[in-house]
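# I'll drop the sequence and a predicted model, then ask my questions.
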Amino acid sequence: MNFNQNNILINNNIDDINDVFLEIANFASLKKYINNVDDLIEKFWNRENLGSTGFEEGFAIPHAVSKDIKEAQIIIFKSNKGINWKSLDGKKTTVAIALLIPEAEHNTTHLDILSNLSRKLLKEDFRKILRQDDKKAIALEINNIINNIADDKVTKLENKNEIKKSLNIIGISACTTGVAHTYMAKDRMEEECSKLGYSGHWETQGSKGQEYTLTDEQIRQADVVIITADINVELDRFDGKKVLVTSTHEALNSGAELIEKALATAKIYKNNNSANFIGNTKTKNAFLKHLLSGVSYMIPFVVFSGLLFAILGGIGHSIHGVDYKFKGTGVLDQMYQAANVGFMFMIPVMAGFIANSIAGRAALAPAMISTYVATDNKLWYMYSGTFTTNHTTSLALLGALIFGVLAGIIVKHVNRIKVHKHIAPIMPIIIIPLFVTSVLTLPLVLIGAPLGWAMYEFNNGLKIAGNTNGVNFLIGFIIGAMIGFDLGGPINKIAVLAATGLIGSGNYYLMGAASAAIPIPPLGAGLATILYRRKFKDDFGLGISGLSLGFMGITEGSIPFAVKYTWRAIVPNILASALAGGAAFALHIHGYVGSWGGPIITLFGGVGSDWTFIAGSSILTGIVLFYIVIIAASLLHAFIFSTLAEKENFDLFKSKKNKVVNVDNVELDVEQNI
């Protein structure tokens, strides 16, 4: 491969990323590097949608991998006007170094060029040359990089064992539920490290606690630390190390590129900025990480109470009848009441760990105590008239969000106050708990009743919606669509969290819709590989895995299909999950187990219904309806997926011949998507 200075394009009139990709694609077509302009643009956007390729200081490295690319090429696009590229530092991009890589060279040439370019961009001398208009000088620098890659390959072959020891990469993997994403991200990152010739070891912090724990020696020898976590994790062990904080989603979708990014951009972590170290730059996802940290600690409480309620409820109803209310003093009644302890604790625990994620351990007590008050209307001052204990209810999830965030923010700012060295030791154990907790809790005694009344009316509205044809389907449809949208990602988690939060208030409709929608993507994809085996002959193993994960209520089982088939898998994920959620809500299906779904929860009586037309049991009726919804939605998903899977070259948008582009003074009529 040799870089030609004619591959440097300059157009100071362009300031839009779409136009940049179009200009590069037209040029590549003119030079016979590719056959299909639209395919190259699509491949650029496929990578961009995984995360911006914009670096810092006005540079970007967009890259496309495609069968249509005949040989690896580098095309440089320059615009003094600047392009909005969502770069790491928020600055406009003036130089885009586009990589065009044949699919056969995806894990070789692609990664070699990308890693070397990203490292060179750290050097101001290299950036200065690229900003200039001297095409010969630029071409010389790019060819030096290419030649160095060739030399490196020879060195790697001769010193393979030494290379593997030369870079030690460690990390921590953690997701909200601590199940699927946690271990999938660990496996993916260690696999990608091995492919690149690096030593990699990931610790997991999942539902079983800390596993594959990093040793002091591994930390000492580490060249870089990559935190692939959807929640906040303690970083104090890595004081003085280069650290990059990202998500499990990025690890699963672009692990190799994430490693190179970490080597190029990770920054030194210091213990004194632990409360603020959410990645290397301020990010709009910081709040979501705090929220999901709280959710991850809340889930075991929800599962305990939800499953125990369902099991004891089934036993009680079979003995005493479907109308039994568990308000007696018998052993079963007392057990049923004890099961409520998990629901009682889940909201304060969630608030406490949201606050802990924001400001550390000192924020736990203020958040948990104030939120407990927010969940118990017996602790509120009741004004005469409308506001009574019978017409107010717990602030539930809303309370956790409000007081968890407030406690975290207040404690964070109080910690910044400089105090005398003799007072500093008692700040986290006396002053902060007393001051912050009082500031949050005492006013709540007075305003709790009006807020609780509003929540009471909201819950009543949802119950009315559950019995209103059309409205109940629409609400469930929205919840289901959110769950199917990003397969365990932020949108999915928000929908499940909203449904889970209402369980403690006795509203089970939303959780019923969520429980039905959760398994549809992996079950549908798995069924497709069996029912339409000829179309998915290479995916049978993935399909079996998807079926097993779907049965266990793990939406992430569909991720491999989404990565491979992109929108052709995403469309049925959203549509079928939405229909499952809508149907479940419309059929009055209850979900008793928060943050979980799928057929597995029926084994414990985790679903029910308002109706009792099967053996006089709400549990049995709910289970039968639940399976009808899941089976129908999964079959629909399989049909849609198999149909779309054939549309590899299908354009989502109509094509129109409407633009004339000038490349090297040659006018071309091009097909542009509109």
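Thanks, I have it.

# how many neighbours does the nearest residue to Leu549 once chain neighbours are set aside have?
In space, and not counting its chain neighbours, Leu549 is closest to Gly557: 2.9 Å by CB to CB, 6 or more residues apart in numbering. In short, each C-beta sits where N, CA and C put it, glycine included. Gly557 has 29 neighbours, counted by other CB atoms under 10 Å.

# measure Gly557 to Lys412 for me?
To Lys412, Gly557 is 38 Å away according to CB to CB, to the nearest Å.

# who touches Ala28 in this structure?
By CB atoms under 8 Å, 6 or more residues apart in numbering, Ala28 lies in contact with 34, 37, 40, 73, 75, 100.

# does the fifth one have beta-bridge partners, and which?
Bridge pairing for Ile75 (DSSP bridges) gives the partners Ala98.

# that one - how many residues pack around it?
Neighbours around Ile75, by other CB under 10 Å: 23.

# quick one: pLDDT of it?
At Ile75, the model reports a pLDDT of 93.

# the one 5 residues further on now?
In the prediction, the pLDDT value recorded for Asn80 is 84.

# please apply the same query to Thr108.
In this model, Thr108 carries a pLDDT of 65.

# one more: Asn280?
Per-residue pLDDT puts Asn280 at 39.

# likewise for Phe435?
91.

# repeat that for Leu117.
pLDDT at Leu117 comes out at 77.

# ok, now which ones touch it?
Here Leu117 is in contact with 61, 97, 99, 145 (criterion: CB under 8 Å, 6+ apart).

# output these as TSV; include the columns neighbour count.
TSV is the format used below for these (neighbours: other CB atoms under 10 Å):
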residue	neighbour count
Ile61	20
Ile97	26
Leu99	22
Ile145	17
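
# so Thr94 sits against Asn80, correct?
Yes: between Thr94 and Asn80 there is a contact under CB atoms under 8 Å: 6.1 Å.

# what about the two, which has more around it?
Thr94 (20 against 15).

# the residue lying closest to that one once chain neighbours are set aside: how many residues sit nearby?
Nearest non-adjacent residue to Thr94, counting by CB to CB, 6+ apart: Gly58, 4.3 Å away. For Gly58, the count of nearby residues is 21 (other CB under 10 Å).

# now do the contacts for Gly58.
Gly58 neighbours (CB under 8 Å, 6+ apart): 82, 87, 91-95, 131.

# in strands, which of these fall?
The members of the contacts of Gly58 that map onto strands under DSSP state E are 82, 93-95.

# nearest to Ile431 among those residues?
Comparing the ones in strands among the contacts of Gly58 against Ile431 with CB to CB places Thr93 closest, at 48.0 Å.

# what residues are up against the residue lying closest to the closest one once chain neighbours are set aside?
The shortest distance from Thr93 to any non-neighbouring residue, by CB to CB, 6+ apart, is to Trp85 (4.0 Å). By CB under 8 Å, 6+ apart, the residues touching Trp85 are 17, 52-54, 60, 92-93, 96.

# how about those in TSV, adding neighbour count and distance to Trp380?
Below are those laid out as TSV (neighbours: other CB atoms under 10 Å; distance: CB to CB, whole Å):
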residue	neighbour count	distance to Trp380
Ile17	22	53
Ser52	16	47
Thr53	25	52
Gly54	24	50
Ala60	25	55
Lys92	15	52
Thr93	27	54
Ala96	25	58
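
# name the pair among those residues with the greatest separation in space.
Thr53 and Lys92 (14.3 Å).

# disregarding flanking residues, what is the spatial nearest neighbour of Leu635?
Spatially, and ignoring its direct neighbours in sequence, Leu635 is nearest to Leu527 (6.6 Å; CB to CB, 6+ apart).

# correct me, but Ala580 touches Phe477?
No: if you go by CB under 8 Å, Ala580 and Phe477 don't touch, sitting 9.2 Å apart.

# which of those two has more neighbours?
Between Ala580 and Phe477, counted using other CB under 10 Å, the more crowded position is Ala580 (36 against 22).

# against Asn36, how distant is that one?
Distance, Ala580 to Asn36, using CB to CB: 37 Å.

# pretty sure Asp539 contacts Ile530?
No: counting by CB under 8 Å, Asp539 sits too far from Ile530 to count as a contact (10.3 Å).

# counting neighbours, what do you get for Leu462?
Leu462, neighbours per other CB under 10 Å, totals 17.

# pull out the buried positions in the helix or strand encompassing it.
Following DSSP states H and E, the helix or strand that holds Leu462 is helix 432-466. By 16 or more other CB atoms under 10 Å, the buried positions in helix 432-466 come out as 432-433, 436-437, 440-441, 444, 448-449, 451-453, 455-456, 458-459, 462, 465-466.

# now the helix or strand following that helix: mean pLDDT?
Counting by DSSP H and E, the next helix or strand C-terminal to helix 432-466 is helix 471-486. Mean pLDDT, helix 471-486: 92.

# hmm, who's touching helix 471-486?
249, 462, 465-466, 491-492, 494-496, 498-499, 509-510, 513-514, 516-518, 520-521, 555, 570, 573-586, 588.

# what does stretch 40-52 give?
17, 21-22, 24-25, 28, 34, 53, 60, 62-66, 68-69, 85-88, 98, 100, 250, 253-254, 566, 673.

# helices of the stretch 151-300 of the chain, start to end?
160-166, 180-195, 216-221, 248-265, 286-320 (DSSP state H, counting those that start in this stretch).

# now for the residue nearest the centre of the chain: which residues touch it?
Geometric centre of the chain, nearest residue: Gly489, 2.9 Å, by CA atoms, centre = their mean. The neighbours of Gly489, taking CB under 8 Å, 6+ apart as the test, are His249.

# state the distance from it to Glu250.
11 Å.

# weed out the non-buried ones from the contacts of helix 471-486.
For the contacts of helix 471-486, a burial check counting by 16+ other CB under 10 Å picks out 249, 462, 465-466, 492, 494-496, 499, 509-510, 513-514, 516-518, 520-521, 555, 570, 573-586, 588.

# mind checking which of those residues are in helices?
Counted as lying in helices by DSSP state H, out of the buried ones among the contacts of helix 471-486, are 249, 462, 465-466, 492, 494-496, 499, 509-510, 513-514, 516-517, 520-521, 570, 573-586.

# point out where the stretch 551-674 of the chain drops to low pLDDT.
Counting by pLDDT under 70, the stretch 551-674 of the chain shows low-confidence ranges at 647-674.

# give me that answer again for 80
556, 563, 594-595, 604-605, 616, 646-674 (pLDDT under 80).

# for it, which segments count as strands?
Taking DSSP state E, counting those that start in this stretch as the test, the strands found in the stretch 551-674 of the chain are 589-591, 607-609, 655-663, 666-673.

# give the buried residues for the helix or strand hosting Leu40.
Assigned by DSSP H and E, Leu40 falls within helix 37-48. Within helix 37-48, the residues that qualify as buried are 37-44, 47-48, counting by 16+ other CB under 10 Å.
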